[in-house]
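In: okay, predicted coordinates and the sequence, questions at the end:
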Amino acid sequence: MIIYPDIEIQNGQSVSLARGRKEEPTVFDISPLDAAEEFQNAGAEWLHVVDIDGVFRGRGYNSDLICEIIDNADIPVQVAGGIRTEHHVDWWFEHGASRIVLGTAAIKDTQLLRRVCHQYPGRIVVSIDVRNGFVLIDGWQTQTSFQPIELGKSFESIGVAAVIYTDIERFENHPESSLAGTSEMGTALELPIISSGTVHSLDDISFLRFLPNIDGVITGKALFTGAVSLKDAIAIAGGPGVDASLAEEGVKPPSLADTRGQKEGDHRSDYKTMGQELLDLHQAYSKGAMTVEEYESAKLSILRNFGE
C-alpha cells in the first residue's frame with residue numbers, strides 16, 4: 001500500500017480545507033516546495049499535489065509552482081485540481097506529471113475520459129468525492145445523482161488506472177464511518193482504490209492495510225500537523241495487505257510490527273494484529289453490537305495493549 005503525501009495549494013500556500021470549503025483553509029507555515037522536499041527525504045514513493053484554486057475556478061492557478069515541484073522531485077508526482085479538458089491533460093503530461101487526476105471532467109464527459117485513458121494508458125486516475133452518499137462535482141459545489149459504487153463500476157471498462165475515494169462529510173464528523181465507506185468501495189470495485197480523507201492517526205493506516213483492494217492512501221493534514229509521521233506511516237503501509245477472497249474468508253495476514261506475545265520460533269496463527277483487532281471491533285460496532293461509548297472504550301483498550 002502506497003502512502004501519497006498530499007500537498008494542497010491555495011494562493012501559493014500549503015493548506016487543508018475543512019469539508020472542502022475554500023473559505024475555511026488551514027494554512028501551514030511550510031511552503032509547498034519545502035513540504036515536497038521533506039516528504040521525499042522521508043521516503044515518499046509518490047507525491048499527490050492538488051491545485052485548490054483550480055478545483056474551484058476550473059483551471060490551474062498554481063501551475064508554475066506545481067511544475068517547480070515536479071522538476072525538483074526525484075519521485076513521480078500525481079497532479080489534481082481543475083484539469084477539465086484534453087488540453088489540460090496534454091499540458092500536464094508535457095510538463096512532467098506522472099499521473100493526472102480527473103474528477104468533474106471524468107463524470108461530465110465520459111468520452112473525454114475514454115480518449116485520454118486510451119492516449120495515456122495507466123496514467124489517468126479518477127476522483128470520486130462523496131457527501132451524504134452522493135458524488136460531488138464542480139469543486140464539491142454540485143451534488144449529482146450518482147452513488148459512488150455505481151459510478152466507480154462504470155469506469156472499470158474504460159482503462160482508468162485507479163479511483164481516489166473521498167467521503168468529505170464522514171471524514172470530518174465520523175472518521176470510522178469513512179473507513180467503512182472505503183471498505184465498501186474496495187470490495188465492490190475491481191479497480192485499485194486510493195483512499196483519501198481517512199487518516200487521522202497511524203491506527204487508521206494499520207486499519208486500511210487490511211481492507212480489500214486498497215492500493216494507496218492520500219494523507220496531508222495529518223502529516224502537516226505532525227499527528228502522523230510519514231516514515232512511520234510508510235513502515236506500517238509497507239506490510240502485506242489482504243485481497244478480497246481472503247477477506248471474505250476472514251483470513252488476514254500477520255504484521256510483524258504489531259505482533260503481541262509471539263516469540264522467536266513461535267509460528268502460531270491465532271494471534272491478531274492491531275489492525276485486525278480494530279477491524280473486527282469496527283465491524284461489530286457497524287452491526288450495532290455495541291454503543292459508541294463501548295466502541296471508544298474498546299478501541300482505547302486495544303491501542304493501550306499494543307502500546308505496552
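Out: The structure has been received and is ready for your questions. Numbering: from 1, shown residues only.

In: shouldn't Ile128 be in contact with Ala162?
Out: No. With contact defined as C-beta atoms under 8 Å, Ile128 does not reach Ala162; the gap is 10.8 Å. Quick note: C-beta positions are derived from backbone N, CA and C, even for glycine.

In: where along the stretch 51-200 of the chain do the helices fall?
Out: Assigned by DSSP state H, counting those that start in this stretch, the helices in the stretch 51-200 of the chain fall at 52-57, 63-72, 86-94, 104-108, 110-119, 148-154, 168-173, 175-188.

In: counting by contacts, list what the longest helix that the chain contains packs against.
Out: Counting by DSSP state H, the longest helix found in the chain is helix 292-307. Contacts defined by 3 or more C-beta pairs under 8 Å, 6 or more residues apart in numbering; DSSP states H and E place helix 292-307 against helix 274-286.

In: okay, the helices of the stretch 51-200 of the chain in a markdown table with mean pLDDT, mean neighbour count and distance to Ala284 next?
Out: Formatted as a markdown table, the helices of the stretch 51-200 of the chain follow (pLDDT from 0 to 100; neighbours: other C-beta atoms under 10 Å; distance: least, C-beta to C-beta, whole Å):
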| stretch | mean pLDDT | mean neighbour count | distance to Ala284 |
| --- | --- | --- | --- |
| helix 52-57 | 87 | 21 | 37 |
| helix 63-72 | 97 | 17 | 43 |
| helix 86-94 | 96 | 17 | 45 |
| helix 104-108 | 94 | 22 | 35 |
| helix 110-119 | 97 | 16 | 39 |
| helix 148-154 | 95 | 17 | 23 |
| helix 168-173 | 59 | 18 | 19 |
| helix 175-188 | 78 | 21 | 12 |
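
In: just so I know, which of the ones you listed lies nearest Phe39?
Out: Nearest to Phe39 among the helices of the stretch 51-200 of the chain is helix 63-72; the distance by C-beta to C-beta comes to 10.2 Å.

In: other SSEs contacting the closest one?
Out: Applying 3+ C-beta pairs under 8 Å, 6+ apart, one finds that helix 63-72 makes contact with strand 2-10, helix 32-41, strand 47-51, strand 77-80.

In: apply 7 Å and report the result again.
Out: The helices and strands touching helix 63-72, judged by 3 or more C-beta pairs under 7 Å, 6 or more residues apart in numbering; DSSP states H and E, are helix 32-41, strand 47-51, strand 77-80.

In: got the helices of the stretch 51-200 of the chain as a markdown table, with distance to Ile3 columns?
Out: A markdown table is the format used below for these (distance: least, C-beta to C-beta, whole Å):
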| stretch | distance to Ile3 |
| --- | --- |
| helix 52-57 | 21 |
| helix 63-72 | 17 |
| helix 86-94 | 22 |
| helix 104-108 | 24 |
| helix 110-119 | 25 |
| helix 148-154 | 22 |
| helix 168-173 | 17 |
| helix 175-188 | 15 |
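
In: returning to what we had before: mind checking which of Ile128 and Ala162 has more residues around it?
Out: Ile128 (26 against 21; other C-beta atoms under 10 Å).

In: give me the pLDDT for that one.
Out: At Ile128, the model reports a pLDDT of 96.

In: tell me who's in contact with it.
Out: By C-beta atoms under 7 Å, 6 or more residues apart in numbering, the contact list for Ile128 reads 135, 148, 151-152, 163-165.

In: shaky segments in the stretch 201-308 of the chain?
Out: 239-276, 278-279, 282, 303-304, 306-308 (pLDDT under 70).

In: for Asp53, which non-adjacent residue is spatially closest?
Out: Leaving out its chain neighbours, the residue that sits closest to Asp53 by C-beta to C-beta, 6 or more residues apart in numbering is Tyr61, at 3.6 Å.

In: what's the burial count for that neighbour?
Out: Neighbourhood size, Tyr61 [other C-beta under 10 Å]: 20.

In: now it: phi and psi?
Out: In this entry, Tyr61 is assigned phi and psi values of phi -120, psi -10 (degrees, to the nearest 10).
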